[in-house]
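> sequence plus the predicted model coming up.
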Amino acid sequence: MRKHLQIYQYFTIEWRETPILLRILLYFTILFSSTYILAGCVVTPILLLAAANSNHNHTDTSQSQHFDGIDEPVKLRSSYSNLSVAEVQAIQHISIRKKKKWGFYGYSTIKHDYVLKIIGDDKVVIDHATELMWHQSGSTYGMNWEKAKRWVKLLNKRGYAGYYDWRLPTVEEAASLLDSSKNNDRFVDPLFDKTQGWIWTGDNYYRLDAAWRVDFFSGLVDWDIYYYAFYHVRPVRAMK
């Protein structure tokens, strides 16, 4: 204890005998060094934490922008046209089993994403793959092409499922419903009413007074005369 006291008294005497200017210089040197060391202890972890957070945020953003495996919607022609057999046989997203002079037997290659929805008392089938909304059933009886168009006008007047833009499908849209195998004796998804074995499209055959139709009994796409053929109506509308 005595030895420690002697050392303390020695340094105290020595400090007091040190010139004032030298003591001030030593004081600021010690103060600056302490401040620098303390600042380093605080700032360094902060910088390391900020860098870590920056790297973490960058990783999260990269993952949130990962869209692999998501298919883009298939866009099908929605405006009507006068089409030859060759033009109909060349439509996209169709696998043809057999070509005929008046059309073809085939099925759609689209990976559909059908959802049945009831709006009020009305049933619709939404296809997210094509962004189309279909009348789940359609007409319960067959009619000629001119009456089919009038039937859709009456549907719009009523506002089926709350919409007023229903129409006959194009041949591309109607053919997109064809399945590769039969379901309940129809080449169409079971979500749809199977009453409608044949349906009209809004496309004309380019030479005669005829329009294109789709046959769900056999998977056939062909044309028939406007006035003397009687087929069902399955209206469609675009969701966007």
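Sure thing, it's come through. Numbers count the residues shown, from 1 in each chain.
> check which residues of stretch 100-120 are buried.
In terms of neighbour count (16 or more other Cβ atoms under 10 Å), stretch 100-120 has its buried residues at 103-108, 110, 112, 114. In this view, the C-beta of every residue, glycine as well, is placed from N, C-alpha and C.
> as JSON lines, these with distance to residue 145 would be great.
Written out in JSON lines, the entries for those read as follows (distance: Cβ to Cβ, whole Å):
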{"residue": "103", "distance to residue 145": "16"}
{"residue": "104", "distance to residue 145": "20"}
{"residue": "105", "distance to residue 145": "22"}
{"residue": "106", "distance to residue 145": "22"}
{"residue": "107", "distance to residue 145": "24"}
{"residue": "108", "distance to residue 145": "23"}
{"residue": "110", "distance to residue 145": "26"}
{"residue": "112", "distance to residue 145": "27"}
{"residue": "114", "distance to residue 145": "27"}
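> in helices only, show me those.
Among those, no residue falls in helices (DSSP state H).
> output those in CSV, with pLDDT appended to each entry.
Output for these, formatted as CSV (pLDDT from 0 to 100):
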residue, pLDDT
103, 98
104, 98
105, 98
106, 98
107, 98
108, 98
110, 98
112, 97
114, 98
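> how is this structure divided into domains?
Taking automatic domain parsing as the domain assignment, the ranges for the chain are 2-64, 82-238.
> can you tell me which of these is most buried?
Among the domains of the chain, judged by mean count of other Cβ atoms under 10 Å, the one packed with the most neighbours on average is domain 82-238 (a mean of 18).
> next, the distance between the ends of that one.
Looking at domain 82-238, the gap from its leading to its trailing residue is 21 Å under the measure Cα to Cα, to the nearest Å.
> ok, which of the domains of the chain comes nearest residue 73?
Taking Cβ to Cβ as the criterion, residue 73 comes closest to domain 82-238 out of the domains of the chain, the separation being 4.8 Å.
> distance from the chain centre to the closest one, please.
23 Å (Cα atoms, centre = their mean, to the nearest Å).
> name the nearest residue to residue 162, sequence neighbours excluded.
residue 119 (5.9 Å; Cβ to Cβ, 6 or more residues apart in numbering).
> I'd guessed the one you found sits against residue 135; true?
No. Under the contact definition of Cβ atoms under 8 Å, residue 119 does not touch residue 135, with a separation of 11.4 Å.
> need phi/psi at the closest residue to residue 208 other than its chain neighbours.
Spatial nearest neighbour of residue 208, chain neighbours left out: residue 225 (6.9 Å); criterion: Cβ to Cβ, 6+ apart. Here is the backbone geometry of residue 225 (degrees, to the nearest 10): phi -70, psi 140.
> roughly how far does residue 225 sit from residue 112?
Taking Cβ to Cβ, to the nearest Å as the measure, residue 225 falls 31 Å from residue 112.
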